[in-house]
Structure formats: structure tokens, C-alpha cells
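Engineer: what would the 3D arrangement of this be:
(one chain, ligands or ions: 1)
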Amino acid sequence: MRNKERACEECAIYSEKYALSEDTTQEELLALIDMLNKKGSISGILVQLPLPKHIDEKTVINAIIPEKDVDAFHPINVGKIMVGNYDFVPCTPAGVMELIKEAGIDIRGKECVVVGRSNIVGKPQAMLLLHQNGTVTICHSKTKNLADKTKQADILIAAVGIPNFINGDMIKEGAVVIDVGINRLENKKLCGDVDFESAEKIAAAITPVPGGVGPMTIAMLMKNTVKAAMVNQTKR
Ligand code: GUN
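Structural biologist: Residues are numbered from 1 along each chain as shown. Predicted structure coming up:
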């Protein structure tokens, strides 16, 4: 959240932060969202997840009006991504797509393997790759013979949230490896879902953690917010 706030300052985007206490009730949170939904000077709303156990995530996500849902988590925005007609792209998968594009990697016809099936990353990531004509496989914690699948990947995206889960032995020579994981180890160090040391010897290109996908996620949040401002302005 600190980085998101800083990015807003750098982009000259006005922002308001509500650091609510953990015992905030769902009603109080919904009332705040309702206020921000109606507030003309606010173009985008982001509720940082995860939420405390007593608050229902779905109810909260559904309460944000789709036009201000810069995370693209609302079912209307999720549905739009599914059919390929979207205003907002979820920030992390969008950042991954931007990295692939900037690196000059053509997705068309490539074997793309996404490890992880979360609503925030895995599922929308698979859709975005599919829209670019990738051949997409989604793997997850229950996938049998995972290494057989990951070894097929020309483009491998790790988004499982398990430190160093993917190692060099699970990667095809010359693959593009994108590490979405941000895991905090006991020694407080950050590490990804990919064991960088063994993977970089095999991969043609690989993103580091920290510094790879993370900053891209925030850049895409800024992009969605500017888009929201433009869309909401024309509606006002
Ligand atoms: N928690 C982890 N990633 C995200 C994200 O992209 N958006 C929000 N709102 N919460 C998160």
C-alpha cells in the first residue's frame, strides 16, 4: 500500500488512504465504499486484500461500482475479461503481459503454463494469454505430475505463493519464466515462487523478485486509475 501511495504521488494522482483498524465491521467498510462510490473526486477504489475473517470478501468486492473498480475484481469486470471486451485489466496479470510485450516475446501459438488459479492472478492471467492466442494450461496445488506440465512451457508463469516452488529441473531450456510470487521468508527476505539461482541457468529470460512483476503491478494500477478517471469524467 505504501508503494501504491508513492506511485500516486509520482504520477500526480490525488489519493486518499483509509487505514482501518482490524476490528472495523463489514457495515462500516461498506459505508465507506458507498461514500467513495458517490464521491465525484474519486475515480478509482481499491480495497487491499486479504480482509479480516469477519468480513466477506465477495460482498466487499461487489460493493465497489464497476466503473471505479481499478483492481478489476468485480464480477462485471471479470466477465468482461472473459469475453475479451474490457476496460480494466487486473493489475498483476496486466503487468505480466506488459513485460512479455516489452521483451518482444510473441505469445501466439506458444505453450503457456500458469501455476496458480487465484481470482487475482491465475485465472485472469490465463484469459489474457488466451486472448493473445497462447495455448494455455492452468496448474495448481492438486495438479499431478506438475513438472511434466511446467517442462512443456515456452512461457511459464508462477503464481502459487510458495517460496522457491519451481526450480530449474521443472523448466524447459530456453523458456521465459515470470515469477509473480512475493513471499516473505523467516529471515524477512523477499523471495519468489521460482528458485532464481537454478532457474536462470535454464531460462532464456526470467524476472527477479523483488523488482520484476511487483513494480509492473503498481504501474498498471496507475494506468487503470487514469482510465477510470477518463471514463468517469465523460459520464459525469
Ligand atoms: N492483495 C494482493 N494483491 C492485491 C491486488 O492486486 N489488489 C488488492 N486490492 N489486494 C491485493
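
Engineer: switch to C-alpha atoms for all contacts and neighbour counts from now on
Structural biologist: Noted.

Engineer: the helix or strand harbouring P215 near the ligand anywhere?
Structural biologist: Using DSSP states H and E, P215 maps to helix 213-235. No. Helix 213-235 is not in contact with the ligand by C-alpha under 6 Å from any ligand atom; minimum separation 7.1 Å.

Engineer: what lies in contact with that helix?
Structural biologist: Applying C-alpha atoms under 8 Å, 6 or more residues apart in numbering, the external contacts of helix 213-235 come out as 3-4, 7-8, 11, 43-44, 67-68, 70-71, 87-89, 91-96, 98-99, 178-180, 207.

Engineer: the helices in the protein, which residues?
Structural biologist: Under the criterion DSSP state H, the chain contains helices at 2-10, 26-38, 57-63, 75-83, 91-102, 122-131, 146-150, 196-199, 213-235.

Engineer: which positions in the shortest one come out as buried?
Structural biologist: The one in question is helix 196-199. Residues of helix 196-199 classed as buried: 196, 198-199 (neighbour count, 16 or more other C-alpha atoms under 10 Å).

Engineer: do the last one as well
Structural biologist: The neighbour-count criterion (16+ other C-alpha under 10 Å) identifies 213-229, 232 as the buried residues of helix 213-235.

Engineer: send the alpha carbons of the helix holding P215 over as PDB?
Structural biologist: Output of helix 213-235 as PDB, limited to C-alpha atoms (Å, rounded to 0.1, in the frame of the first residue of the first chain):
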ATOM      1  CA  VAL A 213       6.400  -8.200 -11.600                       C
ATOM      2  CA  GLY A 214       5.800  -6.100  -8.400                       C
ATOM      3  CA  PRO A 215       6.600  -2.700  -9.800                       C
ATOM      4  CA  MET A 216       4.600  -3.500 -13.000                       C
ATOM      5  CA  THR A 217       1.500  -4.300 -10.900                       C
ATOM      6  CA  ILE A 218       1.600  -0.800  -9.500                       C
ATOM      7  CA  ALA A 219       2.300   0.800 -12.900                       C
ATOM      8  CA  MET A 220      -0.800  -1.000 -14.200                       C
ATOM      9  CA  LEU A 221      -2.900   0.200 -11.200                       C
ATOM     10  CA  MET A 222      -1.900   3.800 -12.200                       C
ATOM     11  CA  LYS A 223      -2.900   3.000 -15.800                       C
ATOM     12  CA  ASN A 224      -6.300   1.700 -14.700                       C
ATOM     13  CA  THR A 225      -6.900   4.700 -12.500                       C
ATOM     14  CA  VAL A 226      -6.200   7.200 -15.300                       C
ATOM     15  CA  LYS A 227      -8.600   5.200 -17.500                       C
ATOM     16  CA  ALA A 228     -11.200   5.200 -14.800                       C
ATOM     17  CA  ALA A 229     -10.800   9.000 -14.400                       C
ATOM     18  CA  MET A 230     -11.400   9.400 -18.100                       C
ATOM     19  CA  VAL A 231     -14.400   7.100 -18.300                       C
ATOM     20  CA  ASN A 232     -16.000   8.600 -15.200                       C
ATOM     21  CA  GLN A 233     -15.400  12.100 -16.400                       C
ATOM     22  CA  THR A 234     -17.200  11.500 -19.600                       C
ATOM     23  CA  LYS A 235     -20.100  10.100 -17.700                       C
END
